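A.B. asks: the sequence isn't on hand, but the structure is:
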Ligand code: SAH
């Protein structure tokens with residue numbers, strides 16, 4: 001029996017009494033401090049989905065399994081290294097030894113220690129175009145990539161590795177990585193999400209390469225929207241349920257899950273951990289309905305308090321992602337959108353389009369030189385027929401593709 005027998009929800013699981021199927025009297029959960037009892041099951045199910053996505057090709061699956069194995073090994077090594085450090089005699093490793101003997105062992109929900117936002121930042125630093133001498137600590141082997149083509153190639157996707165490359169070799173490697181990043185980026189922005197998903201699922205290394213390049217780009221910005229959202233959402237009530245649509249490497253989840261928030265993270269490719277594979281422009285695997293024909297409503301069955309779309313309205317059919325955001329948000333829930341300023345053809349028309357989907361603008365922040373931040377609130381709206389949706393979903397050209405310059 002399905003967990004939620006409501007439109008848009010397709011993940012089968014145990015029946016749950018609180019959101020039982022086919023009843024209009026189900027309990028509404030508008031208070032973030034009181035999560036629905038089935039939320040834990042939902043999170044558990046999504047974790048399984050992250051590793052067992054049936055749409056993933058065998059080639060991609062084997063890649064993902066290997067990557068997950070590597071992550072486990074890395075984590076075990078880090079753990080061993082930490083144990084060794086802890087057992088060093090006091091004069092050699094004073095602070096750590098003292099800390100270790102006094103601090104109780106705190107288990108994080110499942111975030112691998114090496115994957116903290118700090119680690120991500122360190123990786124960016126090690127992959128930037130600074131001279132090789134500043135990255136002496138990075139000992140990974142050099143990739144052998146020879147062209148920035150979009151097809152799978154035999155090179156490892158360790159874009160950030162510098163190993164024993166000379167400065168010239170490294171400059172050439174960075175230039176190729178940059179070209180490949182820009183090519184993947186362009187493909188993502190100039191196509192519908194279905195094509196982007198197919199491309200990424202066939203070769204998940206593309207996803208990794210894209211993100212290595214993406215991190216290099218945002219590193220040169222004064223601030224990164226995801227860091228802004230980490231800071232803002234950290235102040236929300238504990239157990240706020242956040243859906244991160246187009247989460248990339250899941251920075252939001254890695255920062256907020258240890259702080260008791262529930263972050264449901266979706267992107268084109270799963271990382272076998274926090275990130276569940278989904279094309280957010282066509283369907284987000286979370287509960288929620290769009291209401292009933294002829295009625296004005298906020299739909300029902302939702303569990304999400306806040307949706308974040310940080311630089312992720314990429315595909316030409318991005319209005320579909322906003323439609324999904326509305327469907328999965330509780331009434332009064334928040335939608336946070338960050339987008340690159342140069343993408344907007346007409347900000348007022350963008351806001352009007354989101355208004356037609358059922359979002360009321362709460363605030364707009366244009367103070368940043370690189371991106372704009374919008375806060376919307378989900379409001380009830382009149383049910384729409386598919387032909388009305390078509391008029392909305394084809395307005396993707398309100399946002400231009402973001403073309404990163406050669407640096
Ligand atoms: N929000 C993250 C990542 C931004 S990069 C951050 O701010 O750090 C944009 C992300 O959106 C990419 O990871 C890309 O794969 C994802 N994305 C774009 N279109 C998508 C779609 N249709 N479905 C799921 N993810 C999508």
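C.D. replies: All right, it came through fine. Remember, it's a predicted structure, so these values are computed and weren't measured experimentally.
A.B. asks: where does the stretch 101-250 of the chain dip in pLDDT?
C.D. replies: Scanning the stretch 101-250 of the chain for pLDDT under 70 picks out the ranges 101-163.
A.B. asks: the ligand contacts on that one?
C.D. replies: 188, 193, 196, 214, 225, 226, 246, 247, 248 (C-beta under 6 Å from any ligand atom). C-beta coordinates here come from the backbone N, C-alpha and C atoms, glycine included.
A.B. asks: secondary structure element for residue 165?
C.D. replies: For residue 165, there is no host helix or strand (DSSP states H and E).
A.B. asks: with residue 306 instead?
C.D. replies: In the assignment (DSSP H and E), residue 306 maps to strand 304-310.
A.B. asks: which of the residues in that strand are buried?
C.D. replies: Within strand 304-310, the residues scored as buried using 16 or more other C-beta atoms under 10 Å are 304, 305, 306, 307, 308, 309, 310.
A.B. asks: kindly report the same for stretch 186-196.
C.D. replies: Buried residues in stretch 186-196, defined by neighbour count with 16+ other C-beta under 10 Å: 187, 188, 189, 191, 192, 193, 196.
A.B. asks: what does that stretch rub up against?
C.D. replies: The contact list for stretch 186-196, computed with C-beta atoms under 8 Å, 6 or more residues apart in numbering, reads 150, 199, 210, 268, 279-282, 314-318, 320, 401-403.
A.B. asks: all strands of the stretch 101-250 of the chain, in order?
C.D. replies: With DSSP state E, counting those that start in this stretch applied, the stretch 101-250 of the chain shows strands at 241-245, listed in chain order.
A.B. asks: typed the wrong thing, it's the stretch 251-400 of the chain
C.D. replies: For the stretch 251-400 of the chain, strands defined by DSSP E, counting those that start in this stretch occupy the ranges 262-267, 275-277, 296-297, 304-310, 329-340, 359-365, 371-378, 381-382.
A.B. asks: columns distance to the ligand and mean pLDDT on top of those, output as CSV?
C.D. replies: Below are those laid out as CSV (distance: least, C-beta to the nearest ligand atom, whole Å; pLDDT from 0 to 100):
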stretch, distance to the ligand, mean pLDDT
strand 262-267, 4, 98
strand 275-277, 8, 95
strand 296-297, 26, 97
strand 304-310, 4, 98
strand 329-340, 7, 98
strand 359-365, 16, 98
strand 371-378, 10, 98
strand 381-382, 23, 98
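A.B. asks: columns distance to residue 256 on top of those strands, output as a markdown table?
C.D. replies: Formatted as a markdown table, the strands of the stretch 251-400 of the chain follow (distance: least, C-beta to C-beta, whole Å):
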| stretch | distance to residue 256 |
| --- | --- |
| strand 262-267 | 5 |
| strand 275-277 | 14 |
| strand 296-297 | 30 |
| strand 304-310 | 10 |
| strand 329-340 | 13 |
| strand 359-365 | 21 |
| strand 371-378 | 18 |
| strand 381-382 | 29 |
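A.B. asks: now do residue 289 against residue 300, distance only.
C.D. replies: Remark: distance between residue 289 and residue 300 (C-beta to C-beta, to the nearest Å) = 5 Å.
A.B. asks: higher neighbour count, these two?
C.D. replies: Each of residue 289 and residue 300 has its neighbours counted (other C-beta atoms under 10 Å); residue 300 has more, 21 against 18.
A.B. asks: you'd agree that one is up against residue 292?
C.D. replies: No. The pair residue 300 / residue 292 is not scored as a contact, 9.3 Å apart, by C-beta atoms under 8 Å.
A.B. asks: picking that back up, now render the buried residues of strand 304-310 as a markdown table, adding distance to residue 352.
C.D. replies: Below are the buried residues of strand 304-310 laid out as a markdown table (distance: C-beta to C-beta, whole Å):
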| residue | distance to residue 352 |
| --- | --- |
| 304 | 24 |
| 305 | 25 |
| 306 | 23 |
| 307 | 19 |
| 308 | 22 |
| 309 | 17 |
| 310 | 22 |
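A.B. asks: farthest-separated two in these?
C.D. replies: Greatest spatial distance among the buried residues of strand 304-310 (C-beta to C-beta): 305 and 310, at 16.5 Å.
A.B. asks: residue 367: neighbouring residues, count only.
C.D. replies: The local packing of residue 367 (other C-beta under 10 Å) involves 7 other residues.
A.B. asks: residue 283 too?
C.D. replies: Residue 283 is flanked by 15 other residues according to other C-beta under 10 Å.
A.B. asks: now it: how far from the ligand?
C.D. replies: Taking C-beta to the nearest ligand atom, to the nearest Å as the measure, residue 283 falls 10 Å from the ligand.
A.B. asks: dihedrals phi and psi, that residue?
C.D. replies: phi -160, psi 130 (degrees, to the nearest 10).
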